[in-house]
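In: okay, structure incoming, though there's no sequence with it:
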């Protein structure tokens, strides 16, 4: 249990008050011992990275080299993947690793300089964060939790005949219900949470936002030419309660056009990962992010306590540097000036690589494909879609040849400069 105290309070008095109120409390059970004896949780888990993360391990959707290069996880939480009889289509299995209990290893890399100096005393002195080791942890009562939580070795299975995709590609799951009225498709990838604590990590975060915004606009433009989606979103969000960053594609469409919608969405993600952003897109989204940061800085005094507290708690859970809006604007302005086209293209590939540069033998692949469909269409006719059909649609999108997006120059004004100057002279106040 983690307690946050935010307000105009005396820190020493607050600590003493908390000790008086919670100090006598003792756990009814030894939660740590119970978890260890249950065998459901690994000795070294995401809890070693942050006390906000759950005691689980993940199968990541990125290569081990990317995780090691960014120094995001202890070595014990990076499981290499060994391909077993790949030519015959057998499933890859993680190499067995012996885990040892203890704190996460400390990186030998030089720690980069922080983005800004610590927050002003008005914020930090009024914020006290306490962790009570005596608090009772919630203990799962079902042994079945061990299967999805602990990354044990995958069983070697023969691929089914109706699946054309590589058996290393995750199986799709279809949920059907008579009360559903539309088709929805969800594709997920998991990556380690990257704390924003240096100028380099801030640049990477800003470039992710630029890339995601560019893809959303591309999908909106496609929607004008070929209306297929009632909703579509591609995003990557940090989930401290899951101990990972989830990159997700979510779309909703009519059941009659579900296949074309899935193909179009996967195709555009692959295009972004293969060719990146155009020069005009990079320029536009740099300006958009800087304008948004400036607006947040100008309106910082109008934010209520709840918004500030939620941002503070989220920053603490993810390991981010908590900054005032004005400091964030200055840091973003400095970071954006040093962003190059090659930097943005590398981030675009990183975000989309589970579809654009899939390498199942290295772990670069989606972790789940899920579809929800109605049992009856609007005409009262029975409707069904199989897992093989979902896999076939994704495969078709993966095999489609692509070309880079044509760079469209967006003018700053629709009126020629000479005509604009003449009108200014005529209508001068």
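Out: Now that the structure is in, tell me what you want to look at. Being a predicted model, the structure only gives us computed values, none of them experimental.
In: tell me where this protein has helices.
Out: Assigned by DSSP state H, the helices in the chain fall at 11-22, 31-38, 64-70, 121-124, 146-149, 199-225, 258-275, 279-298, 305-318, 325-337, 341-356, 387-399, 417-426.
In: of these, which is nearest residue 172?
Out: Ranking these by distance to residue 172, with C-beta to C-beta as the measure, places helix 387-399 first at 4.2 Å. All C-beta atoms are positioned from the backbone trio N, CA, C, and that covers glycine.
In: picking that back up, rebuild the helices of the chain as TSV, extending it with distance to residue 366 and mean pLDDT.
Out: Shown next, in TSV, are the helices of the chain (distance: least, C-beta to C-beta, whole Å; pLDDT from 0 to 100):
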stretch	distance to residue 366	mean pLDDT
helix 11-22	43	91
helix 31-38	30	78
helix 64-70	16	77
helix 121-124	40	36
helix 146-149	16	34
helix 199-225	16	92
helix 258-275	10	95
helix 279-298	25	94
helix 305-318	23	90
helix 325-337	30	94
helix 341-356	5	94
helix 387-399	9	91
helix 417-426	49	85
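In: with mean neighbour count and distance to residue 409 as added columns, please give those in JSON lines.
Out: Converted to JSON lines, the helices of the chain look like this (neighbours: other C-beta atoms under 10 Å; distance: least, C-beta to C-beta, whole Å):
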{"stretch": "helix 11-22", "mean neighbour count": "12", "distance to residue 409": "55"}
{"stretch": "helix 31-38", "mean neighbour count": "13", "distance to residue 409": "59"}
{"stretch": "helix 64-70", "mean neighbour count": "14", "distance to residue 409": "34"}
{"stretch": "helix 121-124", "mean neighbour count": "11", "distance to residue 409": "43"}
{"stretch": "helix 146-149", "mean neighbour count": "12", "distance to residue 409": "49"}
{"stretch": "helix 199-225", "mean neighbour count": "18", "distance to residue 409": "15"}
{"stretch": "helix 258-275", "mean neighbour count": "21", "distance to residue 409": "17"}
{"stretch": "helix 279-298", "mean neighbour count": "16", "distance to residue 409": "6"}
{"stretch": "helix 305-318", "mean neighbour count": "14", "distance to residue 409": "37"}
{"stretch": "helix 325-337", "mean neighbour count": "17", "distance to residue 409": "20"}
{"stretch": "helix 341-356", "mean neighbour count": "20", "distance to residue 409": "16"}
{"stretch": "helix 387-399", "mean neighbour count": "18", "distance to residue 409": "29"}
{"stretch": "helix 417-426", "mean neighbour count": "10", "distance to residue 409": "15"}
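In: got those helices as JSON lines, with distance to residue 4 columns?
Out: Output for the helices of the chain, formatted as JSON lines (distance: least, C-beta to C-beta, whole Å):
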{"stretch": "helix 11-22", "distance to residue 4": "11"}
{"stretch": "helix 31-38", "distance to residue 4": "22"}
{"stretch": "helix 64-70", "distance to residue 4": "28"}
{"stretch": "helix 121-124", "distance to residue 4": "13"}
{"stretch": "helix 146-149", "distance to residue 4": "27"}
{"stretch": "helix 199-225", "distance to residue 4": "23"}
{"stretch": "helix 258-275", "distance to residue 4": "37"}
{"stretch": "helix 279-298", "distance to residue 4": "22"}
{"stretch": "helix 305-318", "distance to residue 4": "6"}
{"stretch": "helix 325-337", "distance to residue 4": "20"}
{"stretch": "helix 341-356", "distance to residue 4": "31"}
{"stretch": "helix 387-399", "distance to residue 4": "42"}
{"stretch": "helix 417-426", "distance to residue 4": "54"}
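In: out of those, nearest to residue 249?
Out: Here helix 258-275 is closest among those (C-beta to C-beta), at 6.0 Å.
In: quick check: angle from that closest one to helix 199-225?
Out: Between helix 258-275 and helix 199-225, the angle comes out at 140 degrees (axes from the mean of the first three to the mean of the last three C-alpha atoms, to 10 degrees).
In: what separates helix 258-275 from the chain centre, distance-wise?
Out: Put simply, helix 258-275 sits 18 Å off its chain's centre (C-alpha atoms, centre = their mean, to the nearest Å).
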